[in-house]
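Peer 1: This is a predicted model, with the sequence first.
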Amino acid sequence: MCIIIHKPKNVFLFKSTFENCWMYNSDGAGYMFAHRGKIILKKGFMEFDDFYSSFEEDEIKYGFDSDFVIHFRITSKGETTKENTHPHWINDGKLAMAHNGTISHLPTDKGGRSDSSLFAELLSYMKDNFYRNAASMELISGYIGTDKIVFLNNKGEVYIVNAEYGEEEFGCWFSNDSYEDMPRYCGRYGNTSSSGFSYYNHTPAQSTGKNAGLLPMGNSVQNDIWDQDELEITDDDLPAGPDDDETAEFEAVSTSSGWASVPESSTQRVYCDLCGIDLDDGYEKETGMCLSCITDTMEALEKSRETYERADD
């Protein structure tokens, strides 16, 4: 089942917390963080002492300024190897992911790769910045069910799919409770707990619903889960273009297709979430993508299908 930790900058955990994670998920570990516009990814630790020695050194150097994403694996599909430890690259140096769960409808790779590794390859065919588009994130959420995925980009922004199925403790987000001394989830076939929360800048708030959205808030980004039917849609519910001032704070709004990022001083202009051009067509505005990016996304899905079939041969 594994466990993922999103540890925000300037937040530090006791060694015993990591020891608990390793005790229940001891098939390898890894972590990642962003520094100076690049992702630093270290994985393949098959002994706890090796992991913690490396992690502690980097935490001392970079933990005051960078969010960390840490993963401890327990094997479900694929072999127990250094290569199958997390995180996995999607776009080298720019985007990586850690996964908690088992994507059972992905084939078992005959080369021994894990389902998480294969899924990361599938996502690599997607358009750059796919994680900023609500429709794309909804597709991912629907595909993985109650699994959790944490994305980190080279700007240090963290996006979490299905965050509500995790827990917040000690100022961090955990994908399940196997960080505890006596977790409710334990072993290879347990159920993760669901506390139904979200947080921005590490402040808890209640939430419900199934689909993930995205909201950049300062240096740390957290996807929220809300019931869209309970929110009123207004003309102000418009996504922000990537060319807008990156230092502006954002707030979450509901649109007819899902979630969008909207600056506090939004205008009536609607941008493509992926390439940033103005959207004119009604369908484009609903999906948050221009026709070109929609086409690219469909082609990426076709490449993903071919990869799926190749792994199943």
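Peer 2: Here it is on my side, so go on.
Peer 1: Next, the distance between the ends of stretch 20-38.
Peer 2: Stretch 20-38 has an end-to-end distance of 30 Å (C-alpha to C-alpha, to the nearest Å).
Peer 1: whoops, stretch 91-102 was the one
Peer 2: For stretch 91-102, the end-to-end distance is 22 Å (C-alpha to C-alpha).
Peer 1: Same question for that stretch: list its buried residues.
Peer 2: Under the neighbour-count criterion of 16 or more other C-beta atoms under 10 Å, stretch 91-102 has 91, 94-102 buried. Placement of C-beta: from N, CA and C, glycine included.
Peer 1: Closest one of these to Ala300?
Peer 2: Set against Ala300, the nearest of those by C-beta to C-beta is Asn91 (12.5 Å).
Peer 1: Shouldn't Glu168 be within a strand?
Peer 2: Yes: assessed by DSSP: H, G, I helix; E, B strand; the rest coil, Glu168 belongs to a strand.
Peer 1: So what does Trp173 look like in phi/psi?
Peer 2: With angles defined as degrees, to the nearest 10, Trp173 sits at phi -110, psi 130.
Peer 1: I'd say Leu152 and Ser66 touch.
Peer 2: No: with contact defined as C-beta atoms under 8 Å, Leu152 does not reach Ser66; the gap is 9.8 Å.
Peer 1: ok, back up a step: from the buried residues of stretch 91-102, which land in strands?
Peer 2: 91, 95-100 (DSSP state E).
Peer 1: tell me which of the buried residues of stretch 91-102 is nearest to Leu118?
Peer 2: For the buried residues of stretch 91-102, the minimum distance to Leu118 (C-beta to C-beta) is 10.4 Å, reached by His99.
Peer 1: Could you measure from the nearest residue to the closest one once chain neighbours are set aside over to Thr146?
Peer 2: With sequence-adjacent residues excluded and distances taken as C-beta to C-beta, 6 or more residues apart in numbering, His99 is closest to Ser116, at 4.0 Å. Going from Ser116 to Thr146 by C-beta to C-beta, to the nearest Å gives 15 Å.
Peer 1: quick one, which of those two is more surrounded?
Peer 2: Ser116 (28 against 14; other C-beta atoms under 10 Å).
Peer 1: residues touching the more buried one, list them.
Peer 2: 78, 84, 86, 88, 97, 99, 103 (C-beta atoms under 8 Å, 6 or more residues apart in numbering).
Peer 1: Of those residues, which pair is most distant in space?
Peer 2: Distance extremes for these: the farthest pair is Gly78 and Met97 at 15.5 Å, using C-beta to C-beta.
Peer 1: Would you mind measuring from Met137 to Tyr143?
Peer 2: 11 Å.
Peer 1: who's more crowded, the two?
Peer 2: Met137 (25 against 14).
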